[in-house]
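Enquirer: Provide a 3D model corresponding to the input given below.
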Amino acid sequence: MFVRRLFVSLLAVVLGAGLLSACQRAGTTESAAANAEPAHITHLSNGHSRVTLSPLGARRIGLETAQVQVVGGMTQVPTDAVFYREDGSTWVYVRTARLTFERFRIAVARVSGTTTYVTSGLAADSVVATVGVAELRGAEDGIPGEQ
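Expert: As a prediction, the model looks like this:
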């Protein structure tokens, strides 16, 4: 009976140590992911920047995108994709690779509700950010986000 209790006690200690070790490793991984940079900025020669989001960063800002549409010869983007710089210029963030965006200047012909008609600056096959635009701009401009 004593040997059996000793065996069960030792087994519990060994299993407990293994579980504790696994939990610590999982906690370290989760902690590293939580502290990972949500975006990486690459400065380009044209004075713009490329913003590459981590998957966690994209989830945090609720990133959504939309395909640029050409209807009746007019290029259209969701109005939510368009942002204005302090000088009044109009821009969108175009997806250039998975979770990677670059700022492109556009010329707006008119805005009609949720649709903005664009006369230049976008290719018909472009995909633009529609949700998370302010956060992309903040990342590019070096404005720190929530920690």
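
Enquirer: so what does whatever helix or strand A129 lives in touch, helix or strand wise?
Expert: In the assignment (DSSP states H and E), A129 maps to strand 127-131. Counting contacts by 3 or more CB pairs under 8 Å, 6 or more residues apart in numbering; DSSP states H and E, strand 127-131 is packed against strand 64-67, strand 74-78, strand 90-97. The C-beta positions use only the backbone N, C-alpha and C, and glycine is treated the same way.

Enquirer: Against E135, how distant is the spatially most central residue of the chain?
Expert: Central residue of the chain (CA atoms, centre = their mean): A58, 2.6 Å from the mean position. From A58 across to E135, the span is 10 Å (CB to CB, to the nearest Å).

Enquirer: Direction included, what does the longest strand along the chain pair against?
Expert: Ranked by residue count and defined by DSSP state E, the top strand of the chain is strand 100-112. Take DSSP bridges as the rule and strand 100-112 pairs in its sheet with strand 49-53 (antiparallel), strand 90-97 (antiparallel), strand 115-120 (antiparallel).

Enquirer: For it, could you pull out the residues that count as buried?
Expert: Across strand 100-112, burial judged by 16 or more other CB atoms under 10 Å covers 100-104, 106, 108.

Enquirer: cool, and stretch 83-99?
Expert: 83, 90-95.

Enquirer: again with stretch 53-72
Expert: Residues 53, 57-58, 60-61, 63, 65-66, 68 are the ones in stretch 53-72 that count as buried (16+ other CB under 10 Å).
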